[in-house]
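1. my questions are about this predicted structure, shown below with the sequence.
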Amino acid sequence: MNKIVERLDLAGFSAGTQRHLTVHRYGKRGARPKAYIQASLHADEIPGMMAVHHLLGLLDKAATDGKILGEIVVVPAANPIGLAQVVNGYHLGRYDLVGDGNFNRHWPDLYGDLAARVESELTQDATANIATIRRAIGRRLDEMKALGETQQLKLGLARLAHDADIVLDVHCDDDSLMHIYIPPEHWPAYADLAAELGARACLTSADSGSFCFDETFYMAWSKLRQALGEKFPIPSPCFVATVELRGQADVSDELGAKDAAALFRFLQRHGLIDGNPGEAPALLCEATSLDATDVVQTPVAGILAYKVALGDKVKAGDHIADVIDPMADIAVARTKIVAVNDGFVLAKRLHKLVIAGHRIAKIVGTQSLKHRQEKLMLE
Ligand SMILES: [Zn+2]
């Protein structure tokens, strides 16, 4: 089989412990196009690992049949640190317990001094420029040093992904419909990803301000284009997407197999795998700007009682939930939460005990919201 499985050791977190990544490589190293797919960077998001488990089966068969045309790199469980975060019987996995924050924020900046590094080498040949810029990004990553296990994990994953044509970071939301995040300039060229997955929302932002994993790769090119794009042709050769495979509880062989088949057809359509994927299904949504999606936060603690279901349409002012103070007199126990925008309910909270500030809903609208103009992805 035209496949290699590699083990990448991480530095030990403490004396006597060591974790590792497993990398499944298909096709010839350096072949184009290259796709990089990782699952469950937030280690408590299981649907991604399930889907990629099924995808490995499809890719193994394609490799056995000699159908891998490009290079496909798959990390089926991208966060072994988070996988071990079982505290008092509960699995966590979203934040680094040592203090490095959300695992999908603050990724290494691949731009930095990139313009100065490449300017003297760029020409009017866009294809040659892609190769030059990729080499420079690779050198920048080679020079970076990682102190500690989490930083090493991030650097290791970035090195695997940085020169890919397609980067898919597979997550899930809390209790949610299928959706994806993509840069606006890649819509509708890659809308078939949303169509294949049956996404109910495609949320676009040119820069969320949070240095999420997928943005790390895209932003290096867009920033370079802002700096040098008037002098040289600088394409956008790296399509990135964060895929949100519904909610945390949506884990089954059936869903995993369905999602894997969708990703496989997407890879076929974009030249990674031989074979005809057929026409993509009809889109279930159009792309909308991420700043038109409100993230509803509760101002008070208590028990969450929803008044809406996933997919429900709401108008600004509509009652979407109560938060109940279980200690209060019944007449004053409820705090009413209302929508501030028109849209539909994309995501809710699975666990129904909240503290002040917890996110309790995402409402996808079409009009940019004034209070959503800075950091688009909350910590
Ligand atoms: Zn996630």
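-> Right, received. Where do you want to start?
2. low-scoring stretches of the stretch 1-150 of the chain, by residue?
-> 1 (pLDDT under 70).
3. near the ion, which residues of it are found?
-> Residues of the stretch 1-150 of the chain found near the ion (C-beta under 5 Å from the ion) are 42, 45. C-beta here means a position set from N, CA and C on the backbone, and glycine is covered the same way.
4. can I assume Pro184 is in contact with Ser289?
-> Yes - under the criterion of C-beta atoms under 8 Å, Pro184 makes contact with Ser289 at 7.4 Å.
5. okay, and the common contacts of those two?
-> Shared contacts of Pro184 and Ser289, defined by C-beta atoms under 8 Å, 6 or more residues apart in numbering, comprise 204-205.
6. for Asp329, see how far away the residue of the stretch 101-250 of the chain found nearest the ion is.
-> When you check the stretch 101-250 of the chain against the ion by C-beta to the ion, the closest residue turns out to be His171, at 3.3 Å. Taking C-beta to C-beta, to the nearest Å as the measure, His171 falls 41 Å from Asp329.
7. compare the two (neighbour count), which wins?
-> For His171 versus Asp329, the count of surrounding residues by other C-beta atoms under 10 Å is larger for His171: 23 against 7.
8. for the closest residue to Pro188 other than its chain neighbours, name its beta-bridge partners.
-> Leaving aside its sequence neighbours, Pro188 sits nearest to Ala287 (C-beta to C-beta, 6 or more residues apart in numbering; 7.4 Å). Per DSSP bridges, the residues bridged to Ala287 are Cys202.
9. where does Ala287 land on pLDDT?
-> With respect to pLDDT, Ala287 scores 98.
10. quick one: residues contacting Arg200.
-> Contacts for Arg200 (C-beta under 8 Å, 6+ apart) come out as 177-179, 284-285, 311, 346.
11. redo that, cut-off 6 Å
-> Residues in contact with Arg200 (C-beta atoms under 6 Å, 6 or more residues apart in numbering) are 177-179, 284-285.
12. so which of these sit within strands?
-> Counted as lying in strands by DSSP state E, out of these, are His179.
13. any of the contacts of Arg200 buried? List them.
-> Buried members of the contacts of Arg200, counted by 16 or more other C-beta atoms under 10 Å: 177-179, 285.
14. more neighbours, Pro184 and Ser289?
-> Applying other C-beta under 10 Å to Pro184 and Ser289 shows that Ser289 carries more neighbours, namely 18 against 13.
15. and that one, how close does it get to the ion?
-> 20 Å (C-beta to the ion, to the nearest Å).
16. returning to what we had before: my read: the residue nearest to Pro188 touches Trp187, true?
-> Yes - between Ala287 and Trp187 there is a contact under C-beta atoms under 6 Å: 4.4 Å.
17. residue of the stretch 1-150 of the chain with the smallest distance to the ion?
-> Per C-beta to the ion, His42 is where the stretch 1-150 of the chain lies closest to the ion, at 3.4 Å.
18. that residue is in contact with Tyr95, isn't it?
-> No - using C-beta under 6 Å, His42 makes no contact with Tyr95, being 8.9 Å away.
19. okay, those two: which has more neighbours?
-> The neighbour comparison of His42 against Tyr95 (other C-beta under 10 Å) goes to His42, with 23 against 18.
20. what residues of stretch 278-287 count as buried?
-> 280, 283, 285, 287.
21. which residue ranges of the stretch 51-200 of the chain form strands?
-> For the stretch 51-200 of the chain, the strands defined by DSSP state E, counting those that start in this stretch cover 71-75, 86-87, 90-91, 95-96, 101-102, 166-173, 175-176, 179-182.
22. Serialize these to a markdown table and add fields for distance to Trp221.
-> Below are those laid out as a markdown table (distance: least, C-beta to C-beta, whole Å):
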| stretch | distance to Trp221 |
| --- | --- |
| strand 71-75 | 19 |
| strand 86-87 | 39 |
| strand 90-91 | 36 |
| strand 95-96 | 28 |
| strand 101-102 | 24 |
| strand 166-173 | 12 |
| strand 175-176 | 29 |
| strand 179-182 | 14 |
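23. quick one: residues contacting His54.
-> 256-257, 260.
24. near the ion, which residues of the stretch 151-300 of the chain are found?
-> Residues of the stretch 151-300 of the chain lying near the ion (C-beta under 5 Å from the ion): His171.
25. now the helices for the stretch 151-300 of the chain?
-> With DSSP state H, counting those that start in this stretch applied, the stretch 151-300 of the chain shows helices at 191-197, 213-228, 253-269, listed in chain order.
26. what about Gln367, how many residues close to it?
-> 12.
27. look up how far Ser205 lies from the residue lying closest to it once chain neighbours are set aside.
-> Closest residue to Gln367 apart from its sequence neighbours, by C-beta to C-beta, 6+ apart: Ala292 at 5.5 Å. Ala292 sits at a distance of 10 Å from Ser205 (criterion: C-beta to C-beta).
28. same check, this time on Ala43
-> Going from Ala43 to Ser205 by C-beta to C-beta gives 24 Å.
29. and these two? Which one has more around it.
-> Remark: of Ala43 and Ser205, Ala43 carries more neighbours, 23 against 20, as counted by other C-beta under 10 Å.
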